[in-house]
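> model the following, please.
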Amino acid sequence: MYTLGINAAFHDPAACLVRDGDVIAAAEEERFTKIKHGKRPVPFSAWELPFHAIDFCLGRAGITLPEVDHVAYSFDPRQLLGDRANDATTSIPLHPESDPAWDNLFLSHVYNAPRQLVDGPPLHLAERFRGAKQDGPYRWHNVDHHAAHAASAFLASPYESAAVLCLDGRGELATTSYWRGNGAALESLGRVELPHSIGLLYEEITDYLGFLRSSDEYKVMALASYGRPTHVDDLRQIVHLKGDGQYTLADPRLVQRFGPARRRGEPLTQRHYDLARSLQCVLEETTVVLAAWLRERSRERVLCMAGGVALNCVMNSRLRDRGIFDEIWVQPAAGDAGTALGAALLVDAQARCATTHYQMSHAYLGPSYDDDAIQSFLDWSKIPYRRLDDVADATAEILARNGIVGWFQGGMEFGPRALGARSILASPIDGAMQARLNDLKDREDFRPVAPVVIEEEAGEWFVDAHVAPYMLFVFDVRPERAEQIPAVRHVDGTARVQTINRGQHPRYYDLLQAFKRRTGVPVLINTSFNTRGEPIVCTPRDAVESFWTSPLDALVIGSFLVEKPR
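Residues are numbered from 1 along each chain as shown. Alright, predicted model coming up:
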């Protein structure tokens, strides 16, 4: 039985294909179209389905759309129709006198998604969709957005039972939701509804600080380390905790409270740093209170998290350090892209009456290319290259002499983090490397770069470090190691760590071992293989184009090395 999961309503459109409980493939649309985040989260973009990602997922299984049994779309528009939800005479678009015009357009596109899936594929992808009709032969499911988030966390987790916390900007109505997972079932324990949303407050302040909402929130998280929590009391006047898993938000009135908003490109000042730090502090303390309520309500000892806010690795780490739960697991595509995974897993489990669930062991669920395909492209494009006898050893040699390498290996990662399949790698030993990489990627100079470390040695380099394969937690750099890896130590002394073992990615792991043999350091800088405004590379063509249009020193793609003339 095949179940196709789709996220398309807001941002980060994505697709996932599940077969009898196993994830076959998953990918974000942006990697194919080169449009960052796939599209902007505005009402008139809800018609844009992730056709390229769907085509990839179906192609990985060798099937076409009519061979799918279920399609799970991670948004249920009926929740916004009230009494009209089950009215067979409800017409779309709705009448503007009863609903805002933008909502009409948004709901119209969401309601028409089944028709768009059949009639809307681009011409060059149409063959994979041919023969499907609006009414099937598959069964269409509109899945509650937060249920899809919750399923993406619990039904991919290593736990048989767990509490689940979803922190999001918004779904249909929910913004924060609480669940208990057991076996393959999810029980709702409560939710917070619009207009009250800690995620939307973070978005609002991201916009106020001159960054792009629903995109640049991670920049605000990094900026916070440079500030002081001088505005915490002001923000506490906005966020009102009620003690039962509920909270309300007052009108933030940011300009009245904090003065003129920063325009994009204007200099950052201490005022901006301080507001970012204060926001981060209030987010963390709010989440701690909500998690404590959920622990008591659920009686579970472990926690799964999803929703865009769960990508805030500093918040995740503060929650971990408070010890409310014994363990915390965050799904690597925790944002809206991951709802394609969650919707597919949830519908699949329900259709099969499953009692156990899939356990995600890695995130390398996207397109991959073998050496024959890579060599064919390199030959066709007349690019000079050489085949490596020992990829790890040759790459470690380049990194040890301070070269910066584009690293293209195996299946592309699902989620926003590069995890060693589509990465830019560099040595952490030279403190100037962070600035070099920010210049190479045309990034703001306040942004840190992250380390990858051999899993069994993580605790020797980072305080209390444990298994963290998805770069969703921070750890303090050990003081005695700080001078050995200065490039990955953020201004606050932390690093957003990825651990790696050989079972997850053998060639990536072997590279770290080879680098350690040369330098004594089992750590590399790992940042995403892209430049400013571009999604992470997906194909060999993407990798080659990014390599030749940036100051990268070398490209290691499959078993091949491409270098620039010295």
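> what about the helices in the stretch 201-350 of the chain?
Applying DSSP state H, counting those that start in this stretch to the stretch 201-350 of the chain gives helices spanning 217-223, 232-236, 254-258, 270-298, 313-322, 338-352.
> nearest to Val497, of these?
Smallest distance to Val497 across the helices of the stretch 201-350 of the chain (C-beta to C-beta): 9.2 Å, for helix 313-322. From N, CA and C alone the C-beta is placed, and that goes for glycine too.
> what angle separates the closest one from helix 270-298?
Going by axes from the mean of the first three to the mean of the last three C-alpha atoms, to 10 degrees, helix 313-322 is angled at 50 degrees with respect to helix 270-298.
> and helix 313-322, which residues are buried?
Residues of helix 313-322 classed as buried by neighbour count (16 or more other C-beta atoms under 10 Å): 313-320.
> out of the helices of the stretch 201-350 of the chain, flag the one nearest Pro50.
helix 338-352 (7.7 Å).
> next helix or strand past that closest one?
Using DSSP states H and E, the helix or strand that follows helix 338-352 in sequence is helix 371-380.
> partner strands of the next helix or strand after that following helix and their direction?
Counting by DSSP H and E, the next helix or strand C-terminal to helix 371-380 is strand 386-387. Strand pairing for strand 386-387, determined by DSSP bridges: strand 560-563 (antiparallel).
> pLDDT on the strand it pairs with, on average?
Averaging the model's pLDDT scores along strand 560-563 yields 98.
> residues contacting that strand, please?
For strand 560-563, the surrounding residues in contact (C-beta atoms under 8 Å, 6 or more residues apart in numbering) are 371, 374-375, 378, 383-388, 394-395, 544, 547, 553-555.
> now which of these would you call buried?
The buried subset of these (16+ other C-beta under 10 Å) comprises 374-375, 378, 385, 394-395, 544, 547, 553-555.
> which one of the residues you listed is nearest His240?
Looking across these and measuring by C-beta to C-beta, the closest to His240 is Phe547, at 50.9 Å.
> is the closest residue to the closest one other than its chain neighbours part of a helix or strand, or is it coil?
Nearest residue to Phe547, sequence neighbours excluded (C-beta to C-beta, 6 or more residues apart in numbering): Leu555, at 4.3 Å. Here Leu555 is recorded as strand under DSSP: H, G, I helix; E, B strand; the rest coil.
> across the sheet, point out what pairs with Leu555.
Going by DSSP bridges, Leu555 forms beta bridges with Gly406, Val562.
> who's in contact with it?
Counting by C-beta under 8 Å, 6+ apart, Leu555 touches 405-406, 408, 543-544, 547, 561-563.
> just the buried ones among the contacts of strand 560-563 now: which is nearest Leu165?
Leu165 lies nearest to Thr395 out of those, by C-beta to C-beta, at 39.3 Å.
> contact partners for the residue nearest to the closest one when sequence neighbours are not counted?
Closest residue to Thr395 apart from its sequence neighbours, by C-beta to C-beta, 6+ apart: Val556 at 5.0 Å. Applying C-beta under 8 Å, 6+ apart to Val556 gives the contacts 388, 391, 394-395, 405-409.
> for Asp510, see how far away Val556 is.
Going from Val556 to Asp510 by C-beta to C-beta, to the nearest Å gives 12 Å.
> common neighbours of those two, please.
With contacts defined as C-beta under 8 Å, 6+ apart, the residues shared by Val556 and Asp510 are Val391.
> rewinding a little: pLDDT and distance to Glu28 added to the contacts of Val556, as JSON lines?
Listed next are those as JSON lines, based on pLDDT from 0 to 100; distance: C-beta to C-beta, whole Å:
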{"residue": "Leu388", "pLDDT": "98", "distance to Glu28": "30"}
{"residue": "Val391", "pLDDT": "98", "distance to Glu28": "27"}
{"residue": "Ala394", "pLDDT": "98", "distance to Glu28": "31"}
{"residue": "Thr395", "pLDDT": "98", "distance to Glu28": "27"}
{"residue": "Val405", "pLDDT": "98", "distance to Glu28": "24"}
{"residue": "Gly406", "pLDDT": "98", "distance to Glu28": "20"}
{"residue": "Trp407", "pLDDT": "98", "distance to Glu28": "19"}
{"residue": "Phe408", "pLDDT": "98", "distance to Glu28": "17"}
{"residue": "Gln409", "pLDDT": "98", "distance to Glu28": "19"}
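> does Phe154 touch Trp179 like I think?
Yes. Here Phe154 lies in contact with Trp179, judged by C-beta atoms under 8 Å, at a distance of 7.0 Å.
> which SSE is immediately downstream of the helix or strand bottoming out on mean pLDDT in the chain?
When each helix and strand of the chain is scored by mean pLDDT, DSSP states H and E, helix 101-111 comes last, with a mean of 78. Next along the chain after helix 101-111, taking DSSP H and E as the criterion, comes helix 113-119.
> now do the buried residues in that following helix.
Within helix 113-119, the residues that qualify as buried are 113-114, 116-118, counting by 16+ other C-beta under 10 Å.
> repeat that for stretch 65-85.
Result for stretch 65-85 [16+ other C-beta under 10 Å]: buried residues 65, 68-78, 80-81.
> and stretch 423-443, by the same measure?
By neighbour count with 16+ other C-beta under 10 Å, stretch 423-443 contains the buried residues 423-429, 433-434, 436-438, 440-441, 443.
> so how far is Ala363 from the residue nearest to Thr395?
For Val556 relative to Ala363 (C-beta to C-beta), the value is 20 Å.
> per-residue confidence at Phe44?
On pLDDT, Phe44 comes in at 79.
> next: Arg532.
89.
> what secondary structure does it sit in?
Assignment for Arg532 (three-state DSSP): coil.
> now it, nearest residue through space, not along the chain?
Asp442 (3.8 Å).
> my guess is the one you found contacts Thr531. True?
Yes. Asp442 is within contact range of Thr531, at 6.0 Å (criterion: C-beta under 8 Å).
> and the strands in the stretch 351-500 of the chain, which stretches?
386-387, 405-408, 422-426, 450-454, 474-476, 494-496, 498-500 (DSSP state E, counting those that start in this stretch).
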